[in-house]
Every structure is written in C-alpha cells, then in structure tokens.
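Asker: missing the sequence, but the structure's below:
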C-alpha cells in the first residue's frame, strides 16, 4: 500500500503531454515566462522541456497551464 501511494504521488498531472510539443507559461520569481519545446519527462514535482534554446526543468507549482502546439519548433 505504501509503495502504491508513493508511485501515485510521483505521477504528474502533465504526464499525458510527454513526447508532445508544448507551450507552458510559468512564474520565475516575479517574472512570467513561457517555455516552448518537447516535454521529455514529468514527475516528482518537476517537468523537463527541451526546446531550441536548450533544456529547462520547471517546478510544477510554478506552471500556470500547459498546452500542445502544432508543427515543428522551427516552424513557429
């Protein structure tokens, strides 16, 4: 039972977006930024997005929302 509870706790609400191109507005201190790229992992309270500018790891608590985007990153 404890193991199942721990696994459920590590499951991310953003897991369904893994492998998709996403746009994720998030707070960075007092600034508001938008991460764009491919969501490569989500769990343990963090998401990892790889985009044209590099890789970013964001605390899920700071993400306002997440949406899928169409096309390749260089098409935008």
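Answerer: Nice, I can see it. These numbers were taken from a predicted model, which means no experiment stands behind them.
Asker: now the helices for the chain?
Answerer: 2-10 (DSSP state H).
Asker: report the central residue of it.
Answerer: Closest residue to the average C-alpha location of the chain: residue 47 at 3.9 Å, with Cα atoms, centre = their mean.
Asker: show me the beta-bridge partners of that one.
Answerer: Counting by DSSP bridges, residue 47 forms beta bridges with residue 42, residue 58.
Asker: so it sits against residue 15, correct?
Answerer: No - using Cβ atoms under 8 Å, residue 47 makes no contact with residue 15, being 9.4 Å away. C-beta: built from backbone N, CA, C; applies to glycine.
Asker: identify the residues contacting stretch 25-43?
Answerer: Stretch 25-43 has contacts (Cβ atoms under 8 Å, 6 or more residues apart in numbering) with 10-12, 14-15, 17-24, 47-52, 56, 58, 60, 62-66, 69, 73, 76.
Asker: type out the PyMOL command that picks the buried ones from these.
Answerer: The following PyMOL line selects those of the contacts of stretch 25-43 that are buried, judged by 16 or more other Cβ atoms under 10 Å:
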select buried, resi 12+14+17+18+21+22+23+24+47+48+49+56+58+60+62+63+66
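Asker: for this protein, give me the ranges with low pLDDT.
Answerer: 1-10, 72-76 (pLDDT under 70).
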